[in-house]
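1. build me a model:
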Amino acid sequence: MFAEIITIGDEMLIGQIVDTNSAWMAKQLNAIGVSVKQITSVSDDELHIMEALALAEKRADLILITGGLGPTKDDITKKTLGKYFGMGFRRDEGALEMVRQIFKKYNRPLLDINIQQADVPDGCEVIVNKNGTAPCMWFERNEKIIVSMPGVPFEMMYLMDDEILPRITSRFKLPFIIHKTILTANIGESFLAKEIEEIEDSLPAYIKLAYLPKLGQVRLRLSAKGDAEDLLKAEVETYAQRIILKVKKFVIVDDDIPLEKAVLNIMRDRGLTLSTAESCTGGYIAHLITQHPGCSSVYFGGAVAYAYELKESILGVKESTLTTFGAVSEQTVSEMAEGAIKHFKTDYSIAVSGIAGPDGGTADKPVGTVWIAISTKNKTVAKVFNFSNKRIQNIERSATSALIMLLNLLNEDLQEE
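-> Okay, the predicted model is just below:
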């Protein structure tokens, strides 16, 4: 079964919001054996919506639509669907009762435009939205299924989990889709491809290898599709182990998790703790770490110290160091890392100080100059990086580079034990 996702709304096309719905839906569909053929975003325009639907019906068996079901005049999806299928409208009592309950619960007056949300094309099946006022609509035509859902993420997710996915899995015999991800670092995509070229060339047609590069990392994803789940898993695992053995020194983890989570797992398993001292990254490293449940078993906390005064008072950086070498220097970042170890009492620390940009650079320290240090109670390793003049990219690159440096030191310390 092939699916297509259509998201409707001008707000996505002008960059006002990011379409997270499609990514989430694609992941859920993939998990039950449905392959997503295409994802399309269209404006709140009747002609555009109808053209997208017509094309999707040619490509896919299942079409999932989100957005444009609100009560205001700019929400035209429902009327467009009625026109597309040549249907009149009826008032659905189940949907209307849900609207009444929601407005009663919040003690709000029920307006005519809210009541009209229960009006649906008369040839669709209504799936009551228990978390909002816009009902979900299920259409079938020419052995195609078209489902229209609200664009509000949590409403869509509940409908998918509770209604749409169970209906699909109970109605169709779907293949198994198996994925295996290997996270690597310290090797470029092209060099990695060269290293595993022989293994990649030996893959059977039903197993694909994808390269997913991201700022100093490359994720390798093996994907297989077929009817024999156990056999697929075994084959994918065999090829994954061949790849891991071939590029072992670059492999961080054979799991689909981000770099910081892999580092946290390694430190947790070894009973180690971590703190951070950030300047130009502004707490971004701490953010990456603390988004993961259970991080407190490893991460004690840290400081965001931009000003000289805070570098001195919180982290113990010497005034003479800052005066002589400046904030962006090996000496300063090393003292920041060592100060974090001393004051926050952790086994390891990360410190970052640099010029994120777009201004603030000098001839000897241009924008993109970043010093990173990793400390333990016994040693400090510092390294300078020269990134671009793009602020956000510099912050992200600094965080990734710091985590890779920490990972390298963890591995070195393990070998010395």
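2. show me where the stretch 151-300 of the chain has its helices.
-> Under the criterion DSSP state H, counting those that start in this stretch, the stretch 151-300 of the chain carries helices at the ranges 153-159, 165-171, 189-195, 197-201, 229-246, 259-270, 284-290.
3. using JSON lines, lay out those helices together with mean neighbour count.
-> (Each C-beta comes from the backbone N, C-alpha and C, glycine too.) Formatted as JSON lines, the helices of the stretch 151-300 of the chain follow (neighbours: other C-beta atoms under 10 Å):
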{"stretch": "helix 153-159", "mean neighbour count": "17"}
{"stretch": "helix 165-171", "mean neighbour count": "14"}
{"stretch": "helix 189-195", "mean neighbour count": "14"}
{"stretch": "helix 197-201", "mean neighbour count": "12"}
{"stretch": "helix 229-246", "mean neighbour count": "15"}
{"stretch": "helix 259-270", "mean neighbour count": "19"}
{"stretch": "helix 284-290", "mean neighbour count": "20"}
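4. how about JSON lines for the ones you listed, with distance to residue 253 and mean pLDDT added?
-> Shown next, in JSON lines, are those (distance: least, C-beta to C-beta, whole Å; pLDDT from 0 to 100):
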{"stretch": "helix 153-159", "distance to residue 253": "28", "mean pLDDT": "96"}
{"stretch": "helix 165-171", "distance to residue 253": "29", "mean pLDDT": "96"}
{"stretch": "helix 189-195", "distance to residue 253": "15", "mean pLDDT": "96"}
{"stretch": "helix 197-201", "distance to residue 253": "19", "mean pLDDT": "97"}
{"stretch": "helix 229-246", "distance to residue 253": "10", "mean pLDDT": "97"}
{"stretch": "helix 259-270", "distance to residue 253": "4", "mean pLDDT": "97"}
{"stretch": "helix 284-290", "distance to residue 253": "16", "mean pLDDT": "98"}
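5. quick check: chain neighbours aside, which residue is closest to residue 254?
-> Once flanking residues are discounted, residue 254 sits nearest to residue 182: 5.0 Å by C-beta to C-beta, 6 or more residues apart in numbering.
6. brain fart, residue 311
-> Among residues not flanking residue 311 along the chain, residue 317 sits closest, at 4.2 Å (C-beta to C-beta, 6+ apart).
7. how many residues are close by that neighbour?
-> 26 (other C-beta atoms under 10 Å).
8. buried residues, the host helix or strand of residue 339. List them.
-> Residue 339 is located in helix 330-344, with elements delineated by DSSP states H and E. Of the residues in helix 330-344, 330-341, 344 count as buried by neighbour count, 16 or more other C-beta atoms under 10 Å.
9. nearest to residue 213, of the residues you listed?
-> Proximity of the buried residues of helix 330-344 to residue 213 (C-beta to C-beta) peaks at residue 333, which lies at 27.1 Å.
10. wait, a helix at the residue nearest to residue 311?
-> No. Looking at residue 317 with DSSP: H, G, I helix; E, B strand; the rest coil, it is coil, so not inside a helix.
11. want to throw the helices of the stretch 151-300 of the chain into JSON lines with distance to residue 411?
-> Shown next, in JSON lines, are the helices of the stretch 151-300 of the chain (distance: least, C-beta to C-beta, whole Å):
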{"stretch": "helix 153-159", "distance to residue 411": "39"}
{"stretch": "helix 165-171", "distance to residue 411": "41"}
{"stretch": "helix 189-195", "distance to residue 411": "18"}
{"stretch": "helix 197-201", "distance to residue 411": "24"}
{"stretch": "helix 229-246", "distance to residue 411": "15"}
{"stretch": "helix 259-270", "distance to residue 411": "9"}
{"stretch": "helix 284-290", "distance to residue 411": "19"}
